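**Q** After the sequence you'll find the predicted model.
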Amino acid sequence: MSGIAWTREHRRRFSRQVAEAHRAGKYAHRLDWNGGHPANWRGGRKTHHGGYALVSAPTHPYADSQGYVREHRLVMEDHLGRVLLPTEIVHHINGDTADNRIKNLILFDSLVGHLKHHREQRRKPCA
Ligand SMILES: [Zn+2]
């Protein structure tokens, strides 16, 4: 986690960004963050050493410095029809970080909730 404090101001700016993305039609094809190449949604895909898949999404608001976003987050965003907040955590139910089927994913609204779940399940954090 980046450790940014998620303020009301961030939230307000973020909502505007999402609204603008909607207007620009960026949500038309599976939350296309790939510069207008919806068919290549999974084109620029690579595996992170942490075991999860990264997808090329250079126009995504939370892409890393190389323009990649973790695939499980994109899958959840696609499912919800909105961009995840940086504070939200996508959990892999079966613990396999490479298994990004929507039925293997659940959303926690914070790191705290996610870690609590792992403590209860006695499993290592998966995100
Ligand atoms: Zn988890």
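**A** Thanks, I have the structure now.
**Q** quick one, helices of the protein?
**A** 8-23, 71-80, 111-121 (DSSP state H).
**Q** among those helices, where is the model least confident on average?
**A** Per-segment mean pLDDT for those reaches its minimum on helix 8-23, at a mean of 59.
**Q** where along the chain do the strands fall?
**A** Using DSSP state E, the strands assigned to the chain run over residues 45-47, 53-56, 68-70, 89-92, 105-108.
**Q** Quick check: the nearest residue to residue 118 once chain neighbours are set aside vs residue 66, distance?
**A** In space, residue 118 comes closest to residue 125 once its chain neighbours are excluded; the distance is 5.2 Å by CB to CB, 6 or more residues apart in numbering. No exception for glycine: its C-beta is placed from N, CA and C like everyone else's. Taking CB to CB, to the nearest Å as the measure, residue 125 and residue 66 are separated by 23 Å.
**Q** The two: who's more crowded?
**A** Summary of the neighbour comparison: residue 125 and residue 66, criterion other CB atoms under 10 Å, with residue 125 having more neighbours (13 against 10).
**Q** Who are the contact partners of the more buried one?
**A** Shown here is residue 125, whose contacts under the criterion CB atoms under 8 Å, 6 or more residues apart in numbering are 114-115, 118.
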